[in-house]
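In: Mind folding the following:
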Amino acid sequence: MESTLAVAKREFRTFFASPIAYIVLGGFLLLAGWLYFSTLFLAGQASLRGFFGVVPVLFVVLVPAITMRALAEERKSGTLELLLTLPMEDWQIVAGKFLAALGMVAVGLLWTVPYAISVAALTGPGAPFDWGPVLAGYLGLLLLAGSFIGLGLWGSALSRNQIVGFIVGLVLCFAFAFIDKFAALLPETLGQVLEYLSVDYHFDNIARGVIDTRDLVFYLSLTAVGLLLTTRTLSSARL
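Out: Numbers count the residues shown, from 1 in each chain. Model (predicted):
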């Protein structure tokens, strides 16, 4: 655990040592803020539904942008070989990279908390604000981000080029985000399978404040698969 945290701290510091982190987070907050305030003022709705509806789509681009350099840049610069010689298991390296990326996403989400506070402040007298769906929505976003990070890390591990890592991660995240949109074109049974494989389908349930173990198992399973594939790819680099 100590080795994993050491990798996570190193990776997290590396994020903010370059302008990439500020550009990525700045772009995310700019888009999320515009979509939130457009709903609040243009539509006249004091609600976070629009925010929770669009952030998963933004994550399709945001998360691969965060993970693209995690292993690809290490391989390109030659520091991966040095990292692999340290007395730690491959899964500890991957877990450290995962925690750092998840921390990065959490920082971005933390800056959006004032949106929820402002909506709560605008709630009319006698109509108490329900924080349940809001907290559930943020939990869902972290779970969704975790599954995307697992996929993004695998994309980064497959190449020495971080742009290629970004594209592979983007394609994987896009596939799991929009696969349910093709469900109506297929037979019912196959359509249900595609719907279940969609991260958006499971997030919608959580964003309504319904914490179902099936949704939690899906996100944790997808995250575990992504991290397992990343670990196996990283292990092959030792050969």
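In: residues touching the residue positioned nearest the centre of the chain, list them.
Out: Centrality entry for the chain: nearest residue to the mean C-alpha point is Ala145, 1.9 Å, by Cα atoms, centre = their mean. Listed by Cβ atoms under 8 Å, 6 or more residues apart in numbering, the contact set of Ala145 reads Phe59, Val63, Leu102, Val105. Backbone N, C-alpha and C define where each C-beta goes, glycine included.
In: let's see 6 Å
Out: Phe59, Val105 (Cβ atoms under 6 Å, 6 or more residues apart in numbering).
In: ok, Leu62 touching Phe28?
Out: Yes: using Cβ atoms under 6 Å, Leu62 is in contact with Phe28, at 5.1 Å.
In: my guess is Ser159 contacts Phe166, does it?
Out: No: judged on Cβ under 6 Å, Ser159 makes no contact with Phe166 at a distance of 9.6 Å.
In: Which one of these two is surrounded by more residues?
Out: For Ser159 versus Phe166, neighbours defined as other Cβ atoms under 10 Å are more numerous around Phe166 (22 against 18).
In: got the CA coordinates for the host helix or strand of that one in PDB?
Out: Using DSSP states H and E, Phe166 maps to helix 162-178. What follows is helix 162-178, C-alpha atoms only, in PDB (Å, rounded to 0.1, in the frame of the first residue of the first chain):
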ATOM      1  CA  GLN A 162       0.500   9.700 -25.600                       C
ATOM      2  CA  ILE A 163      -1.700  10.900 -28.500                       C
ATOM      3  CA  VAL A 164      -2.300   7.300 -29.600                       C
ATOM      4  CA  GLY A 165      -3.000   6.600 -25.900                       C
ATOM      5  CA  PHE A 166      -5.600   9.400 -25.900                       C
ATOM      6  CA  ILE A 167      -7.300   8.200 -29.100                       C
ATOM      7  CA  VAL A 168      -7.500   4.600 -27.800                       C
ATOM      8  CA  GLY A 169      -8.900   5.700 -24.500                       C
ATOM      9  CA  LEU A 170     -11.300   8.100 -26.200                       C
ATOM     10  CA  VAL A 171     -12.600   5.300 -28.400                       C
ATOM     11  CA  LEU A 172     -13.100   2.900 -25.500                       C
ATOM     12  CA  CYS A 173     -14.800   5.500 -23.300                       C
ATOM     13  CA  PHE A 174     -17.000   6.600 -26.200                       C
ATOM     14  CA  ALA A 175     -18.000   3.000 -26.900                       C
ATOM     15  CA  PHE A 176     -19.100   2.300 -23.300                       C
ATOM     16  CA  ALA A 177     -20.800   5.700 -23.100                       C
ATOM     17  CA  PHE A 178     -23.000   5.500 -26.200                       C
END
